[in-house]
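Novice: using only what follows, build the 3D model:
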Amino acid sequence: MDFNLKRTAQITGLLLLSAAVTQIIYTALYASGGAVPRRLLWGTEAILFVMMAAFAGSALARTSKRHLAWSAITAAAILNVIQVGIGLTQFGPFFEAAGEVEALAPAAGSVVALSFMVYNAAKILLALALIDFGLGRRGSGSVWSGWICVLLGLTALVSNAASMAAGRDVFGGIPIAGGSGVVATVLLGLTLLTWPDQADRARS
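Specialist: Numbering: from 1, shown residues only. Next comes the predicted model:
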């Protein structure tokens, strides 16, 4: 198979959509109080993000446009591998220890806080990528979809930046950062399935 730029972008888009699906499944199961297969879902996410880092990095090296977007996707994929790795390898031991020794509870909480900070940072990067792709559609026939990308990207960027800086309870428990981040991830994935689009080809 020839991994040209268009096919690489499409594969990256599919990986983003797949990662978003795992996050939606996890959230739905957690909210419903059902059993959550964390290792299966997080393990799948880790593999998706490892592959995403490779394909997005390849696109970054080959593209003549949207360098900011591709570098942001590559960095976000790497951060997500770290974030998922913290959940898979650290949550269990820390919370088990905290159950035995009450004084370790703050340490367990700090691991969760670190995980969410990395999560927010990755979502900021994906939102930035979506904004960059959206701005690239100005002056084309898809200008309205471009501004939608910019608007949703800004929402995800600002809300996740607020959560990272002020704590994940900054919105009073309303999942604005997480929800907007997942929406931005889905829209970014859909955008990549049709990239390079007419706007980029017209400027080539």
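
Novice: where does pLDDT dip in this structure?
Specialist: Scanning the chain for pLDDT under 70 picks out 1, 138-144, 172-173, 196-204.

Novice: where's the most centrally placed residue in the chain, which helix or strand?
Specialist: Centroid-nearest residue in the chain: Lys123, 4.5 Å away (criterion: C-alpha atoms, centre = their mean). Element membership for Lys123 (DSSP states H and E) is helix 105-135.

Novice: got the buried residues for that helix?
Specialist: 108, 111-112, 115-135 (16 or more other C-beta atoms under 10 Å). Backbone N, C-alpha and C define where each C-beta goes, glycine included.

Novice: what of stretch 70-88?
Specialist: 70-84, 86-87.

Novice: so what's Ala77 up against?
Specialist: Taking C-beta atoms under 8 Å, 6 or more residues apart in numbering, we find Ala77 in contact with Phe49, Val50, Met52, Ala53, Ala56, Ala122.

Novice: helices of this protein, start to end?
Specialist: Ranges of helices within the chain are 5-32, 38-62, 67-89, 91-100, 105-135, 143-166, 176-193, 198-202, based on DSSP state H.

Novice: which other residues reach the second one?
Specialist: Taking C-beta under 8 Å, 6+ apart as the criterion, the residues outside helix 38-62 that touch it are 3, 5, 8-9, 11-12, 15-16, 18-19, 22-23, 25-26, 67, 70-71, 73-74, 77-78, 80-81, 84-85, 87-88.

Novice: can you tell me the closest non-neighbouring residue to Ala162?
Specialist: Of all residues not flanking Ala162 in the chain, Val170 sits nearest, at 5.3 Å (C-beta to C-beta, 6 or more residues apart in numbering).

Novice: that neighbour is in contact with Ser163, isn't it?
Specialist: Yes: taking contacts as C-beta atoms under 8 Å, Val170 lies within contact range of Ser163: 5.6 Å.

Novice: the two: which has the busier surroundings?
Specialist: Ser163 (24 against 15; other C-beta atoms under 10 Å).

Novice: separation between that one and Met117?
Specialist: Remark: distance between Ser163 and Met117 (C-beta to C-beta, to the nearest Å) = 8 Å.

Novice: same deal with Leu48?
Specialist: 21 Å.

Novice: over to Lys6?
Specialist: 35 Å.

Novice: likewise Ala61?
Specialist: Taking C-beta to C-beta, one finds Ala61 at 29 Å from Met117.

Novice: what of Thr8?
Specialist: Counting by C-beta to C-beta - Thr8 and Met117 are separated by 30 Å.

Novice: any idea how far the closest residue to Ala161 other than its chain neighbours lies from Leu154?
Specialist: Spatially, and ignoring its direct neighbours in sequence, Ala161 is nearest to Ile124 (5.8 Å; C-beta to C-beta, 6+ apart). Relative to Leu154, Ile124 is positioned 11 Å away (C-beta to C-beta).
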